[in-house]
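J.: One predicted model, sequence on top.
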Amino acid sequence: LKIRIQPFTVHKRFPLTISRGTTTQTTNIWVRIEQDGIEGWGEASPFSGGGALQSTEMLERSLKSIIPILEPLHPLEQQKIEQQLIQAGLPSAAQAAIDIALQDWLGKQVGLPLWQLWGLDLHQIPPTSVTIGINTPEAAQQRLQAWQEVTDVRALKVKLGNPTGLAADQAMLSALLAIAPQISQWSVDANGGWSLENAIIMSNWLADRGVTYIEQPLAKGHESDLKALFTHSPLPIFVDESCFNSLDIPFLADRVHGINIKLMKCGGLTEARRMIHTAKACGLDVMFGCYSDSSLSITAACQLTSQARYVDLDSHLNLMDDPFTGAVMAQGWLRPPQQPGLGVQAIHS
Ligand SMILES: [Mg+2]
């Protein structure tokens, strides 16, 4: 197989601030695998969180180093390829790019969209939430109005864990609730910004206001405190930074309600499917999330969303220069294309 890699920079229409910092642009990497006249596409996007930092430079370097190792193999040799990627210690986002490209190649080779190849039912896909970052109450309201100009907002995810404290979190969420009674599903992501005590206070406060679930209330490393929160929280708890791949799931089974799967964090569609199965075997729900992914990896994740309880795949909607098209957002739902493989196309400018 032949592998080509190409970095590209995407800019956010609205910078996104979470409890750890602000992002305005990222340089992601487009990976193309070619064999027998068929091209499979994947993407690596950089991220930090949960103690991991995978920079563009690191991803590009590791992808370049793996090319000569993979070239003698065929895209159908997925098991061997995965073993090579693990043996080489490839960062998960670089691994994801290769795995997504292999799945795209396979779908194109057999002539089926991946969701169909895997027998999934698009009618069971939950609506996608869009994200409001940490800001002043007024700026958060303006951001929501801007989202409503771009798309039909059914589900809203609000970033809390403001470093200045709970009063700022409560003021921002109250301001949003006041202007958006029509939004049917509210969720909150603290990105590990709360203590156990504050997480219990906020869970009760948010439950009284109709919020559906809380994501990553406590910082990674504080998983022992999740047990007490699990007992005292009226709202379901999902973890993101505390759960990278399927190996992390069994330990979490007695202290959370669900886990957030991201392709860059876990290493691709193959591992994402393993995570779904592991989570379900442990009695946990799953949700899908993203980093600064373009439509390419968003469309990849979208192939699996019929198996999720919640979906938060919105990063591509906030890009000014997304080079790809794929999954389309309609009336609040993001659905994968009908074309074979991922069904992703490049926009030629
Ligand atoms: Mg999160």
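T.: Everything's here; your move. Residues are numbered from 1 along each chain as shown.
J.: drop to CA atoms for contacts and neighbour counts, all remaining ones
T.: OK.
J.: could you point out where the stretch 201-349 of the chain is predicted with low confidence?
T.: 349 (pLDDT under 70).
J.: Do a quick rundown of the strands in it.
T.: 213-215, 237-239, 258-261, 285-288, 310-311, 324-325, 328-330, 333-335, 345-346 (DSSP state E, counting those that start in this stretch).
J.: Would you mind reformatting the ones you listed (as TSV) and adding columns for distance to residue 29 while you're at it?
T.: TSV is the format used below for the strands of the stretch 201-349 of the chain (distance: least, Cα to Cα, whole Å):
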stretch	distance to residue 29
strand 213-215	28
strand 237-239	27
strand 258-261	20
strand 285-288	21
strand 310-311	24
strand 324-325	13
strand 328-330	22
strand 333-335	23
strand 345-346	14
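J.: ok, longest helix in this protein?
T.: helix 92-110 (DSSP state H).
J.: gap between the helix or strand containing residue 41 and the chain center?
T.: Taking DSSP states H and E as the definition, residue 41 sits inside strand 38-44. Mean C-alpha position of strand 38-44 versus that of the full chain (Cα atoms, centre = their mean, to the nearest Å) differs by 18 Å.
J.: name the helices or strands packed onto that strand?
T.: When contacts are defined as 3 or more Cα pairs under 8 Å, 6 or more residues apart in numbering; DSSP states H and E, strand 38-44 packs onto strand 21-35, helix 92-110, helix 295-302.
J.: can you pull the buried residues of it?
T.: Within strand 38-44, the residues that count as buried by 16 or more other Cα atoms under 10 Å are 39-44.
J.: what do you get for stretch 280-295?
T.: With burial defined by 16+ other Cα under 10 Å, the residues of stretch 280-295 counted as buried are 280, 282, 284-295.
J.: For this structure, just list every one of the helices.
T.: Using DSSP H, the helices found in the chain span residues 56-70, 78-87, 92-110, 114-117, 137-150, 166-179, 196-208, 226-232, 249-252, 263-266, 269-281, 295-302.
J.: so how many other residues sit close to the closest residue in space to residue 131 that isn't next to it in sequence?
T.: Leaving aside its sequence neighbours, residue 131 sits nearest to residue 157 (Cα to Cα, 6 or more residues apart in numbering; 4.7 Å). If you count neighbours by other Cα atoms under 10 Å, residue 157 ends up with 22.
J.: Next, the contact list for residue 113, please.
T.: Applying Cα atoms under 8 Å, 6 or more residues apart in numbering to residue 113 gives the contacts 107, 337-343.
J.: who touches residue 347 in this structure?
T.: Contacts of residue 347 by Cα under 8 Å, 6+ apart are 323-325.
J.: Residue 171 contacts residue 139, doesn't it?
T.: No: in this structure, residue 171 is not within contact of residue 139 by Cα atoms under 8 Å, at 11.8 Å.
J.: Who has more neighbours out of those two?
T.: residue 139 (16 against 13).
J.: Look up how far residue 172 lies from that one.
T.: The spacing between residue 139 and residue 172, counted by Cα to Cα, to the nearest Å, is 9 Å.
J.: Ok, residue 241 next?
T.: 23 Å.
J.: bridging residues for residue 286?
T.: residue 259 (DSSP bridges).
J.: isn't it right next to residue 305, touching?
T.: No: Residue 286 sits out of contact with residue 305 when judged by Cα under 8 Å, with a separation of 9.3 Å.
J.: Now for the nearest residue to residue 122 once chain neighbours are set aside: which residues touch it?
T.: Nearest residue to residue 122 in three dimensions, chain neighbours excluded: residue 306, at 5.9 Å (Cα to Cα, 6+ apart). Residue 306 sits next to 120-126 when contact means Cα under 8 Å, 6+ apart.
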